[in-house]
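S.K.: What follows is a predicted protein model with its sequence.
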Amino acid sequence: MKRRRNRWWIGGTLILVIFALLLVWEHQTSQSAVGTSTAPRNEQLTYAIDGDPESLNPINTSDRWGLTVTNMVYSPLIRIENDGTHKNELATNMTVSSDGKTLTVKLRDDVQWSDGVPFTADDVVFTYTEKAKKENGNADNLWIGDKPITISKVDDYTVAFHLPEPSAAAVNNVATEIYIMPKHIYQNEPDLSVKELNAKAVGTGPYQLMEYKRGEYLRFKKNPTYYGGEPNIDEITLRIISNQNTMKVALQKGEVDAGMVLPTDIKDLESAPLTIHPYSENRIGYLGLNTRYPGLENKKVRQALFYALNKDDMNKAAYLDKQFYQTPYSVLPPQNSFVTEDVEHYQTDPEKAKQLLQEAGVTDLHLKLAYAASDPAQAIQATFIQQQLQAIGVDLQLIGGDGTEISTEMRDPNSKKYSMFLNGYIMGDDPDLYRFLFHSTGSANYFKHYDEGTDHLFDIGAVELNNQKRHEIYDELQRQLVDDAFIYPIVDNKKVLAVNKRVSGIDEGKLISIYTLEDWSKLKIE
């Protein structure tokens with residue numbers, strides 16, 4: 001009996017040891033998913049994002065998560081609020097000369113970079129000079145026609161922007177939403193067109209990027225010298241979870257503190273300790289066509305495809321209720337101050353679609369649609385588009401992939417990998433900002449759409465100072481872009497942020513387009 005009891009004791013001990021090792025392994029595995037944070041649970045926040053940033057370089061980043069990181073680490077001179085008003089950040093004042101060709105900006109004199117070096121006009125001149133170089137990949141808004149806007153230092157805390165000619169668009173946009181970089185850190189970078197710079201990120205924003213593990217997480221610690229006041233939370237981790245269901249479960253279990261969800265997810269989250277925050281981004285979610293893809297060079301074919309589609313069915317399936325979306329018809333969002341409804345609406349008409357294909361002499365059309373596999377709304381849209389095009393005899397292959405990789409592929413002016421793609425944009429209120437997408441020289445002209453008439457309207461609209469005439473120009477521009485049928489606006493959907501109830505300060509941080517929050521320093525953990 002004694003030996004039997006010993007065997008039971010040894011066996012039980014082994015089970016306990018194995019169980020303890022499994023707990024340690026599970027804890028280490030969980031920790032590895034969010035980095036090597038040593039901050040207590042009540043001093044760190046985890047925000048789930050659905051993919052890697054396309055670029056971490058403030059000069060050329062233009063994707064949602066790249067811009068989110070940029071907004072956490074760096075600061076602009078002036079910020080555009082959701083209602084279109086301007087808020088000074090690194091700037092204190094901006095004046096325009098009587099001839100409309102010089103903008104003078106006064107700067108704050110109490111700001112330090114996160115390494116303790118003072119912020120000055122030299123940093124602003126450096127940033128704008130580099131951003132205006134077309135070879136660095138994102139210069140569109142700093143050119144008027146074929147001439148760049150230049151910048152000079154007036155004194156340590158004053159800069160002057162010099163416009164080649166008066167421009168309403170430049171006055172509205174030149175000092176806004178361009179994030180300033182420290183000259184002393186980046187002046188020796190060998191190439192400022194790359195997606196990730198060699199130097200460690202140094203900024204004036206509320207947080208410092210400490211670690212980035214592609215496909216897993218980005219980890220930040222607070223910047224104690226932030227001019228907006230020391231952040232309340234010590235560490236923030238952006239945890240990359242590409243699968244929407246996995247992210248929803250992580251929210252329910254409290255493994256992440258915040259994440260974007262769909263209206264279709266809200267009911268499933270009712271029992272979790274979460275608050276739900278819907279908000280508008282003035283976004284256009286769209287179907288884009290590659291006009292250089294064989295068969296899509298013909299405008300009649302493109303128009304035929306659009307007449308076959310039904311965006312109302314797509315939106316009801318993806319967003320459930322109109323409280324979560326609006327239906328756009330122009331390339332500008334429904335709330336844009338320049339939008340016109342006087343454009344072709346492409347109301348669903350399969351017979352007209354078939355007739356246009358017949359007129360174009362097209363009888364056997366095979367196309368490929370790329371969409372972000374991690375985006376449930378895009379998956380729904382892709383399925384509807386496939387079914388609706390099938391009804392007019394068009395064969396559509398669906399290709400789900402990484403959204404960032406698809407955007408990178410479509411940026412290539414010679415790419416014919418995909419004939420169609422789903423994407424979205426948030427560009428701001430001034431229509432000149434949309435030249436980035438629709439002008440022949442636009443650095444995000446994914447559609448390969450080149451048209452002298454479109455370019456001319458963009459060019460004259462940018463420099464027209466009479467507001468009524470600007471509206472007339474942009475009305476005509478919208479009609480022309482929609483008629484050319486290379487972009488099919490589907491939805492202006494609200495974002496829905498789910499946040500653990502232990503987190504407060506969302507209203508103070510201000511929910512905002514693209515960046516999620518205007519100021520992450522205002523968040524608190526109860």
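M.R.: Sure thing, it's come through.
S.K.: where do the strands sit along the stretch 351-500 of the chain?
M.R.: With DSSP state E, counting those that start in this stretch as the criterion, the stretch 351-500 of the chain has strands at 366-372, 395-401, 420-425, 487-493, 495-500.
S.K.: Quick one: residues in contact with the first one.
M.R.: Spelled out, that is strand 366-372. Applying Cβ atoms under 8 Å, 6 or more residues apart in numbering, the contact partners of strand 366-372 are 51, 293, 295-296, 378-379, 381-382, 385-386, 389, 394-403, 406, 409-410, 417-422. Any C-beta I mention is one placed from the backbone N, CA and C, and that applies to glycine too.
S.K.: ChimeraX command to pick out the buried ones of those?
M.R.: To isolate the buried ones among those in ChimeraX, judged by 16 or more other Cβ atoms under 10 Å, type:
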select :51,293,296,378,379,381,382,385,386,389,394,396,399,400,402,403,406,409,410,418,419,420,421,422
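S.K.: ok but Glu189 is inside a strand, no?
M.R.: No: counting by DSSP: H, G, I helix; E, B strand; the rest coil, Glu189 falls outside a strand, being coil.
S.K.: tally of neighbours for it?
M.R.: 16 (other Cβ atoms under 10 Å).
S.K.: what sits against it?
M.R.: Shown in contact with Glu189 (Cβ under 8 Å, 6+ apart): Leu197, Asn198, Ala199.
S.K.: so how far is Asp52 from Tyr212?
M.R.: 9 Å (Cβ to Cβ, to the nearest Å).
S.K.: That should have said Asp191, apologies.
M.R.: Asp191 is 20 Å from Asp52, by Cβ to Cβ.
S.K.: now Gln187
M.R.: The value you get for Gln187 to Asp52, if Cβ to Cβ is used, is 27 Å.
S.K.: Compare those two and say which one has the larger neighbour count.
M.R.: Asp52 (23 against 14).
S.K.: residues contacting the more buried one?
M.R.: Trp65, Arg214, Gly215, Ile240, Thr404.
S.K.: Help me confirm that the fourth one comes into contact with Pro53.
M.R.: Going back to what we said before, that points to Ile240. No: using Cβ atoms under 8 Å, Ile240 makes no contact with Pro53, being 9.5 Å away.
S.K.: so what's in contact with these two at the same time?
M.R.: Contacts common to Ile240 and Pro53, judged by Cβ under 8 Å, 6+ apart, are Leu218.
S.K.: ok, the two, which is more surrounded?
M.R.: Taking neighbours as other Cβ under 10 Å, Ile240 and Pro53 compare with Pro53 leading, 24 against 21.
S.K.: Now the helix or strand hosting Ala160: buried residues?
M.R.: Counting by DSSP states H and E, the element that carries Ala160 is strand 158-162. Using 16+ other Cβ under 10 Å as the test for burial, strand 158-162 gives Thr158, Val159, Ala160, Phe161.
S.K.: Quickly list what the first one is bridged to.
M.R.: Right, Thr158. On the basis of DSSP bridges, Thr158 is bridged to Lys106, Asp155.
S.K.: tally of neighbours for the closest residue in space to Thr92 that isn't next to it in sequence?
M.R.: Spatial nearest neighbour of Thr92, chain neighbours left out: Lys106 (4.7 Å); criterion: Cβ to Cβ, 6 or more residues apart in numbering. If you count neighbours by other Cβ under 10 Å, Lys106 ends up with 18.
S.K.: Now do the contacts for Lys106.
M.R.: Ala91, Thr92, Asn93, Met94, Tyr157, Thr158.
S.K.: Show me the two of those that sit farthest apart.
M.R.: Met94 and Tyr157 (13.2 Å; Cβ to Cβ).
S.K.: isn't Ala170 right next to Ala462, touching?
M.R.: Yes: counting by Cβ under 8 Å, Ala170 touches Ala462, with 7.3 Å between them.
S.K.: any common contacting residues for these two?
M.R.: Overlap of the contact sets of Ala170 and Ala462 (by Cβ under 8 Å, 6+ apart) consists of Ile144.
S.K.: in this protein, which ranges drop under the pLDDT threshold?
M.R.: For the chain, the stretches with pLDDT under 70 are 1-42.
S.K.: Tell me which residue is most central in it.
M.R.: Arg64 (2.4 Å; Cα atoms, centre = their mean).
S.K.: surely that one meets Ile514?
M.R.: Yes: assessed by Cβ under 8 Å, Arg64 is found in contact with Ile514 at 5.7 Å.
S.K.: which residues touch Pro58?
M.R.: Listed by Cβ under 8 Å, 6+ apart, the contact set of Pro58 reads Thr70, Tyr74, Thr127, Tyr179, Met181.
S.K.: Neighbour-wise, give me the winner out of the residues you listed.
M.R.: Met181 (30 neighbours).
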